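K.L.:
With the input below, show me the fold.
(2 chains)
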Amino acid sequence: DGGITQSPKYLFRKEGQNVTLSCEQNLNHDAMYWYRQDPGQGLRLIYYSQIVNDFQKGDIAEGYSVSREKKESFPLTVTSAQKNPTAFYLCASKENDWDYGYTFGSGTRLTVV
Amino acid sequence: DQQVKQNSPSLSVQEGRISILNCDYTNSMFDYFLWYKKYPAEGPTFLISISSIKDKNEDGRFTVFLNKSAKHLSLHIVPSQPGDSAVYFCAASGGSSNTGKLIFGQGTTLQVKP
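P.N.:
From the prediction side, this is the model:
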């Protein structure tokens, strides 16, 4: 079955550490996205990539970095510069046809301890 | 600047009745609108979408209505079932840069009581 796999599901990070969240898709989608969910704020766009080796900042990119070396993979690094990293992180990829919208992964809950 | 707004954080309805979830937007360039359903600790799942050239789209128990002049869309669930209890997000795409980005509302938590 095609889909998006995010790992790990839960991640704990000490302050000052960088961590990388994995996102892999086997849907052959060109475009991939990272969103962050905080209570009462909906989903906010961190970074997105429309094609391999290219990506753009979203609305809240500060303190994050990404890479897109392969079509299937779009990892997100939460750096120590991110002031409030505790959140639920969602990766998505997009069909060419808007009739189906995004396909989301199951998310990673990051907690800073 | 919140371009997509869901002003009702929560909604409670009785099983079998209609649920109506509302969403307002400010950008008249949006040309595609979608609704997602989300359970806790899971990713959102796509429910239904509507293009700006339409004013209604129906899929089973779910119907989305679009009022472009009012910049308003709504999701109707009839009849509501306890399994529909979840957070519902509306989202919009389009505008001056067609990058495929979705702008999400804050979400509405629906509770369907048995």
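
K.L.:
The residue lying closest to residue A:64 once chain neighbours are set aside: which element?
P.N.:
The shortest distance from residue A:64 to any non-neighbouring residue, by CB to CB, 6 or more residues apart in numbering or on different chains, is to residue A:46 (5.2 Å). C-beta: built from backbone N, CA, C; applies to glycine. Counting by DSSP states H and E, the element that carries residue A:46 is strand A:43-51.

K.L.:
quick one: the closest residue to chain A within chain B from residue B:51, how far?
P.N.:
Nearest residue of chain B to chain A: residue B:43, at 3.4 Å (CB to the nearest CB). Counting by CB to CB, to the nearest Å, the separation of residue B:43 from residue B:51 is 24 Å.

K.L.:
In terms of neighbours, single out the busier of those two.
P.N.:
residue B:43 (22 against 14; other CB atoms under 10 Å in any protein chain shown).

K.L.:
need the contact list for the closest residue to that one other than its chain neighbours.
P.N.:
Nearest non-adjacent residue to residue B:43, counting by CB to CB, 6+ apart: residue A:104, 3.4 Å away. When the contact criterion is CB atoms under 8 Å, 6 or more residues apart in numbering or on different chains, the partners of residue A:104 are A:4, A:90-92, B:36, B:43-45.

K.L.:
Buried ones among the residues you listed?
P.N.:
Among the contacts of residue A:104, the ones that count as buried by 16 or more other CB atoms under 10 Å in any protein chain shown are A:4, A:90-92, B:36, B:43-44.

K.L.:
Nearest to residue B:108, out of those: which one, please.
P.N.:
For these, the minimum distance to residue B:108 (CB to CB) is 11.3 Å, reached by residue B:36.

K.L.:
The closest one: what's it in contact with?
P.N.:
The neighbourhood of residue B:36, defined by CB under 8 Å, 6+ apart, consists of A:101, A:104, B:44-47, B:88-91, B:104.

K.L.:
Residue A:61 and chain B: what is the separation?
P.N.:
As defined by CB to the nearest CB, to the nearest Å, residue A:61 lies at a distance of 13 Å from chain B.

K.L.:
Quick check, that residue in contact with residue A:47.
P.N.:
Yes: with contact defined as CB atoms under 8 Å, residue A:61 and residue A:47 form a contacting pair (5.8 Å).

K.L.:
Show me which of those two is the more surrounded one.
P.N.:
residue A:47 (22 against 17).

K.L.:
can you pull up the bridge partners for that one?
P.N.:
residue A:34, residue A:57 (DSSP bridges).

K.L.:
show me the contacts for it.
P.N.:
Counting by CB under 8 Å, 6+ apart, residue A:47 touches A:33-34, A:55-58, A:61, A:64-66, A:76.

K.L.:
and those, which are buried?
P.N.:
Neighbour counting over those (16+ other CB under 10 Å) leaves A:33-34, A:55, A:58, A:61, A:64-66, A:76 as the buried ones.

K.L.:
what's the first-to-last distance across stretch B:13-32?
P.N.:
Distance between the two ends of stretch B:13-32: 28 Å, counting by CA to CA, to the nearest Å.

K.L.:
correction: stretch A:73-80
P.N.:
Using CA to CA, the end-to-end distance of stretch A:73-80 comes out at 23 Å.
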